[in-house]
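S.K.: predicted model and sequence follow; I will ask about them next.
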Amino acid sequence: MTNEEHAPEQPEDKAEAAIDIFDGVRQADGNPVEPVRLQADDRFCFSCHQSVSCWNQCCHNADVTLTPADILMLTKELGLQPAEFLAQFTVPDIWDKSDLPVAKLRSDEANRGACVFLAGDEGCGVYAARPATCRYYPMGLASVKMAEAHTKEDFYFLVKEAHCKGHAEDKSQTVAEFRVQQGVEALDEINRGWIDIMMKMMSWRSVGGPSAKKISTQAKKMFFMVSTDVSAFRRFVFETKFLNTYAIDEDMVELLKTSDIALLQLGFDWLKNVLFNEQTINMKEDVLQAAIAKGRSDMGAT
């Protein structure tokens, strides 16, 4: 028997899910902006700089969901522990499409809903560590996996808000070139496991969760911890029975002590196993056999 046995059935939808992480763009009337789907080699014109008449307008009333990579960058930039950063600069929320908790960037309601990091006419005060949503603007990232496919397909969309004059600039670039300029490729790799979980949960919501059960409150708390606070997750890994339960290579254990990115990847793999019974992390053999024996005993088997 393996960890994969008794795995819940997959939903029958042709598309497992399409996930749009960066979906907070709205027209002045509050209605969503209709996106234009793009591939990596498609070209578009856009440029944002201080001479554009709409400078900083997109930094007001923005709906910015912070990715795990965003929080790693911002905590390092600000010299804060994750818990300190979350308390000072974010608000907790539920991402409705997946019913999973996320951290959103706080805004200054006394200053027309300005981003907490807006530094007046100078623009972003944490530009080098700005969130992925801001880097991608005016694009969004989506990911889709068809039921018969083995890999996910990323695609991009361009949104044109009425106030944004950057689209009138004559700077032409491909989507791929824009992504390199904005430094999002490495961030997307760090966030991939997080996006996978969000996408899977969007799919599961249509059938009430794995095995038609809702995700527990405790599981949601663990998802939020892994996604937003690597320090707390590191304590969980090293100060509980985690390493006695799961088969983690000794070299990896040493890496986890110092590498936040490696710790995030472990966290996402662990969550996929816990939430969806995916074979992304293995229990130690003695722990697995004890769990099997207990399961048989609970069912009255001999």
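M.R.: Ah, there it is.

S.K.: quick check: bridge partners of residue 100?
M.R.: Beta bridges link residue 100 to residue 95 when assigned by DSSP bridges.

S.K.: how close does it sit to residue 73?
M.R.: To residue 73, residue 100 is 21 Å away according to C-beta to C-beta, to the nearest Å. Glycine gets a C-beta too; all of them are placed from N, C-alpha and C.

S.K.: list the contacts for residue 220?
M.R.: 100, 101 (C-beta atoms under 8 Å, 6 or more residues apart in numbering).

S.K.: now do the buried residues in the one helix or strand it maps to.
M.R.: In this structure, residue 220 sits in helix 217-228 according to DSSP states H and E. Within helix 217-228, the residues scored as buried using 16 or more other C-beta atoms under 10 Å are 220, 222, 223, 224, 225, 226, 227, 228.

S.K.: do stretch 164-172 as well
M.R.: So, applying 16+ other C-beta under 10 Å, buried residues of stretch 164-172: 164, 165, 166.

S.K.: ok, now stretch 83-96?
M.R.: By 16+ other C-beta under 10 Å, the buried positions in stretch 83-96 come out as 85, 86, 89, 90, 95.

S.K.: counting neighbours, what do you get for residue 126?
M.R.: 18 (other C-beta atoms under 10 Å).

S.K.: I figured it hits residue 116, correct?
M.R.: No: the criterion here is C-beta atoms under 8 Å, and residue 126 misses it with residue 116 at 9.5 Å.

S.K.: so what's residue 179 scoring on pLDDT?
M.R.: Reading off the confidence values, residue 179 has pLDDT 94.

S.K.: got it, and residue 30?
M.R.: 48.

S.K.: ok now stretch 93-100, how far from the chain's centre?
M.R.: 11 Å (C-alpha atoms, centre = their mean, to the nearest Å).

S.K.: now do the same end-to-end measure for it.
M.R.: 9 Å (C-alpha to C-alpha, to the nearest Å).

S.K.: could I get the buried residues of stretch 83-96 in CSV, plus columns for pLDDT, distance to residue 68 and secondary structure?
M.R.: Formatted as CSV, the buried residues of stretch 83-96 follow (pLDDT from 0 to 100; distance: C-beta to C-beta, whole Å; DSSP: H, G, I helix; E, B strand; the rest coil):
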residue, pLDDT, distance to residue 68, secondary structure
85, 98, 12, helix
86, 98, 12, helix
89, 97, 15, helix
90, 97, 13, strand
95, 89, 13, strand
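
S.K.: now do the strands in the stretch 1-150 of the chain.
M.R.: 15-20, 36-38, 43-45, 90-95, 100-105, 107-108, 114-115, 139-146 (DSSP state E, counting those that start in this stretch).

S.K.: those into TSV, with extra columns for distance to residue 214?
M.R.: TSV is the format used below for the strands of the stretch 1-150 of the chain (distance: least, C-beta to C-beta, whole Å):
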stretch	distance to residue 214
strand 15-20	17
strand 36-38	32
strand 43-45	41
strand 90-95	13
strand 100-105	12
strand 107-108	31
strand 114-115	34
strand 139-146	23
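
S.K.: by mean pLDDT, show me the worst of the ones you listed.
M.R.: Among those, strand 15-20 scores lowest, at a mean of 43.

S.K.: okay, the buried residues of stretch 83-96 in JSON lines with distance to residue 69 next?
M.R.: Output for the buried residues of stretch 83-96, formatted as JSON lines (distance: C-beta to C-beta, whole Å):
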{"residue": "85", "distance to residue 69": "14"}
{"residue": "86", "distance to residue 69": "15"}
{"residue": "89", "distance to residue 69": "16"}
{"residue": "90", "distance to residue 69": "15"}
{"residue": "95", "distance to residue 69": "16"}
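
S.K.: could you list the low-pLDDT ranges of the chain?
M.R.: 1-35, 143-152, 206-213, 287-302 (pLDDT under 70).
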